[in-house]
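# from the sequence below, what's the structure:
(one chain, ligands or ions: 1)
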Amino acid sequence: MSAAPSTQDVVVIGGGVTGAGVARDLALRGVSVLLLEKNDWGAGTSGSSTWMIHGGLRYLEFDWETTRLSCEDAGHIVDIARHLVHRVLFLVPVLPDDANGIERIETVMEVYDRFQPLKHAHPHVRLTADEVRRIEPGLTSDVVGGVTVEEWGVDPHRLAWANVLDAVEHGARALNHARVTSLVHDGREVIGVHYVRDGTEVEARARVVVNATGPWAPEVAALAGQDIPLRPAKGIHVVYDRRLSNFVISTEAIDGRDILLVPHGPITILGTTDDDYFGDLDDVEVLGDEVDYLLQAMARVFPAIEHLRPVRATTGIRPTLYDWRPYEDRLSRRHELFQHPQAPGLITITGGKLSMYRLMAEETADAACRRLGVEARCRTAELPLPGSERDAPTAAELALEHGLTALAAANAIRRHGCRAEAALGEARHGRIACRCEHLAEAELAHAARQEQARSLADAFRRVGLAAGPCAGAACVDRAAQVVGRELGWSASQQREAAREFLLGAWLGRSPLLERRGWAQEELAYAGRRGYGA
Ligand SMILES: Cc1cc2nc3c(=O)[nH]c(=O)nc-3n(C[C@H](O)[C@H](O)[C@H](O)COP(=O)(O)OP(=O)(O)OC[C@H]3O[C@@H](n4cnc5c(N)ncnc54)[C@H](O)[C@@H]3O)c2cc1C
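A predicted model of the protein is given here:
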């Protein structure tokens, strides 16, 4: 089946932070845009990152310019996405046999302090062993001191969505679950794309086609016979359903790489690995060895990690630019814009980091505008993203008005900022869709109605559905009814959606089962039986 073609100035392929940022930038300049994402907003590398808008302390040693650009753009992102970012304080505990002693670490921090004002962060603080143990009691008693450093945390799914939403509010069309299958050519020139959505093939014509597909960039560029030199690197995380520490704990793994334990709102992320990846980008597996590597590293400074129960593992592929020889960890995080003189009309943006997505989007939009003859300037560093336009209500006010727990109201504010009230709508019943996460039913319905959540997995990304310990066992059937009511699902479609979600959640947990996972499985299974499934 095929549908009528559409025509716009620009088609952007890829709905991670970069593509969403490009669509927003162009829409704000008055350019007509169609943004296409084959899965869901932020479901690629962006969502499987460590969820940090940081400056790249690590790159200081070998890629100073990336640290500078990253800090500078992080500052802009913090300004425009106030409700989506939160300060995170790293604690670097020093052990007697660490490769770097406290003097050396502090020297690096002193240099990094010069960059901190760019992203509105405070300078480091040096701590004694007693102070370190007092503020983070879970650390081993072997610590001899420590240093703090401040960065920013972010929910990358919401960041990608906020960019999509702003693009749409400024006239763009944005379709998730729309896979680009081929490019439309006029001679060598690229003049559009074919994409498939809901089984229907559609042609979209444009004067510029932007390839913002992260690690998939070589695959999409190849549709125009173009070569994008990437050296993709895989990273995994182990996710816990609660906060395990007061600070981000940074330590070294067996090979000297930095490993982080990152508390993010109600969850904690342990990561990450960095390994060359040669496999299928759409079928990336988490290996037991990778999980062991992370746990071994963190257990050295935070011994209790061995006894805590993770809820899932995630994995993503870094779109690192090609370089022969350096270890993966030493690869530059630079980004690059490819203008493809052999395929005019196509622009590829890849490499880089979440923490400089806005800059990458600006450079791409500048290039697209040059081709279109549009002179409007970039405004993405000054205009707030949806939700950050003004102060948000307090959780107490919102809870009172909607009959919710303060936690459910605070969660809604964390995701929607000053638009939280609108997201909860007229509902005053205070019903909770997901008890582990304190997600209001009204917010879940809003995600389906207004935020393009077309499956329960989309709702997980948009509003944290079933992100907690039961991984959906207790809430997925009711959630399928709430989402199904908005999207017109039949009873059997609701059952199928719940089944599909639980299978996906199980696949996310399965790499962890060899370690303490089976008890969790029994619990989830018993919980589901208790709900009559
Ligand atoms: C483990 C790990 C941890 C990281 N941690 C951090 C961090 O803490 N901070 C930081 O700054 N950076 C971090 N990064 C890097 C950062 O996540 C990436 O640089 C960034 O998210 C890339 O965003 P993107 O939009 O370019 O790519 P993606 O997020 O991958 O988006 C590309 C999108 O294109 C879509 N797509 C592909 N092919 C098609 C097609 N044919 N049709 C339609 N759509 C298509 C994909 O589905 C995908 O959603 C991390 C990376 C990894 C792997």
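# surely Val248 meets Ile259?
No: with contact taken as CB atoms under 8 Å, Val248 and Ile259 are classed as non-touching, separated by 10.8 Å. Glycine gets a C-beta too; all of them are placed from N, C-alpha and C.
# who has more neighbours, those two?
Val248 (25 against 22; other CB atoms under 10 Å).
# and the nearest residue to the more buried one once chain neighbours are set aside, bridged to which residues?
Computed as CB to CB, 6 or more residues apart in numbering, the closest residue to Val248 that is not its neighbour in sequence is Phe90, at 4.4 Å. With DSSP bridges as the criterion, the beta-bridge partners of Phe90 are Val149, Val248.
# contacting residues for Phe90?
Contacts of Phe90 were listed using CB atoms under 8 Å, 6 or more residues apart in numbering, and they are Thr148, Val149, Glu150, Glu151, Phe247, Val248, Ile249, Ser250, Leu260.
# again with Thr405
Going by CB under 8 Å, 6+ apart, Thr405 touches Ala399, Gly430, Ile432, His438.
# for it, give me the pLDDT.
At Thr405 the predicted local distance difference test score is 93.
# make 628 the first number, not 1, from now on.
In the new count, where the first residue is 628, that last one comes out as Thr1032.
# mind checking how far stretch 716-736 is from the chain centre?
On the basis of CA atoms, centre = their mean, to the nearest Å, stretch 716-736 is displaced by 28 Å from the centre of the chain it belongs to.
# report the buried residues of it.
Counting neighbours by 16 or more other CB atoms under 10 Å, one finds that the buried residues in stretch 716-736 are 716-722, 725, 729, 732-733, 735-736.
# quick one, strands of the stretch 628-777 of the chain?
629-640, 660-663, 679-680, 712-721, 752-755, 772-781 (DSSP state E, counting those that start in this stretch).
# thinking again about what came up before, between the contacts of Phe717, which sits nearest Ala670?
Leu887 (22.3 Å; CB to CB).
# which element is the closest one on?
Using DSSP states H and E, Leu887 sits within strand 885-891.
# one more: Pro968?
When secondary structure is defined by DSSP H and E, Pro968 falls outside every helix and strand.
# tell me the pLDDT at it?
97.
# before we move on, the earlier item: so what's the residue nearest to Val875 scoring on pLDDT?
Phe717 carries a pLDDT value of 96.
# from Glu1048, how far out is it?
For Phe717, the distance to Glu1048 under the criterion CB to CB, to the nearest Å works out to 34 Å.
# just the helices from the stretch 678-827 of the chain, written as ranges.
For the stretch 678-827 of the chain, the helices defined by DSSP state H, counting those that start in this stretch cover 691-707, 729-740, 756-762, 783-796.
# you'd agree Gly772 is up against Asp757?
No: using CB under 8 Å, Gly772 is not in contact with Asp757; the gap is 9.4 Å.
# in the longest helix along the chain, what's buried?
Secondary structure of the chain read by DSSP state H shows that its longest helix is helix 1118-1136. Taking 16+ other CB under 10 Å as the neighbour-count basis, helix 1118-1136 is seen to contain the buried residues Gln1121, Ala1124, Ala1125, Phe1128, Leu1129, Gly1131, Ala1132, Gly1135, Arg1136.
# max pairwise distance over those residues: which two?
Across the buried residues of helix 1118-1136, the two members that end up farthest from each other (CB to CB) are Gln1121 and Arg1136, 22.8 Å apart.
# strands of the stretch 1028-1160 of the chain, start to end?
Along the stretch 1028-1160 of the chain, the stretches classed as strands by DSSP E, counting those that start in this stretch are 1059-1061, 1066-1067.
# most packed of those strands?
Highest mean neighbour count among those (mean count of other CB atoms under 10 Å): strand 1066-1067, with a mean of 28.
# so which residues on the stretch 978-1127 of the chain come close to the ligand?
Near the ligand, the residues belonging to the stretch 978-1127 of the chain are Gly979, Lys980, Leu981, Ser982 when assessed by CB under 6 Å from any ligand atom.
# can you report how many residues lie near the second one?
The one in question is Lys980. Residues contacting Lys980 under the criterion other CB under 10 Å number 27.
# Arg806 is in contact with Lys665, correct?
Yes: counting by CB under 8 Å, Lys665 touches Arg806, with 3.7 Å between them.
# the more surrounded of those two?
Lys665 (22 against 13).
# residue contacts, that one?
Lys665 sits in contact with His804, Ala805, Arg806, Val807, where contact means CB under 8 Å, 6+ apart.
# what pLDDT does the residue lying farthest from the centre of the chain get?
In terms of distance from the mean C-alpha position of the chain, Gly814 ranks first, at 37.7 Å (CA atoms, centre = their mean). Predicted confidence (pLDDT) at Gly814: the value is 96.
# swap in Gly1144?
pLDDT recorded at Gly1144 is 62.
# where does the chain have low pLDDT?
Along the chain, the parts satisfying pLDDT under 70 run over 628, 1141-1147, 1149-1160.
# mind checking the end-to-end distance for stretch 878-893?
Using CA to CA, to the nearest Å, the gap from the first to the last residue of stretch 878-893 comes to 22 Å.
# what about stretch 747-763, start to end distance?
Looking at stretch 747-763, the gap from its leading to its trailing residue is 24 Å under the measure CA to CA.
# for stretch 935-953, same thing?
Between the opening and closing residues of stretch 935-953 we find a distance of 35 Å, counting by CA to CA.
# what's the distance between it and the middle of its chain?
In this view, stretch 935-953 has its centroid 13 Å away from the chain centroid, taken as CA atoms, centre = their mean.
# near the ligand, which residues of the stretch 728-877 of the chain?
Counting by CB under 6 Å from any ligand atom, the stretch 728-877 of the chain sits next to the ligand at Arg806, Val807, Ala839, Thr840, Gly841, Pro842, Trp843, Val847, Gly862.
# the last one contacts Thr947, doesn't it?
No: under the criterion of CB under 8 Å, Gly862 lies out of contact with Thr947, with a separation of 10.4 Å.
# near Phe689, how many other residues are there?
Neighbouring residues of Phe689 were enumerated by other CB under 10 Å; the total is 13.
# how far away is the residue nearest to Ala1039 when sequence neighbours are not counted from Val1090?
What sits nearest to Ala1039 in space, not counting adjacent residues and going by CB to CB, 6+ apart, is Ala1047, at 4.4 Å. Distance from Ala1047 to Val1090, counting by CB to CB: 11 Å.
# same question for Val1001.
Counting by CB to CB, the separation of Val1001 from Val1090 is 35 Å.
# so the two - more neighbours on which side?
Each of Val1001 and Val1090 had its neighbours counted (other CB under 10 Å), and the higher figure belongs to Val1090 (29 against 17).
# got the contact list for Thr767?
Applying CB under 8 Å, 6+ apart to Thr767 gives the contacts Pro720, Leu722, Arg927, Val928, Phe929, Pro930.
# what does Ser633 give?
By CB under 8 Å, 6+ apart, the contact list for Ser633 reads Leu661, Arg800, Val829, Glu830, Ala831, Arg832.
# at 10 Å what do you get?
Ser659, Leu661, Arg800, Gly819, Val829, Glu830, Ala831, Arg832, Ala833 (CB atoms under 10 Å, 6 or more residues apart in numbering).
# and if you look at Val820?
By CB under 10 Å, 6+ apart, Val820 lies in contact with 638-640, 661, 663, 805, 807-811, 829-833, 836, 838, 847, 850.
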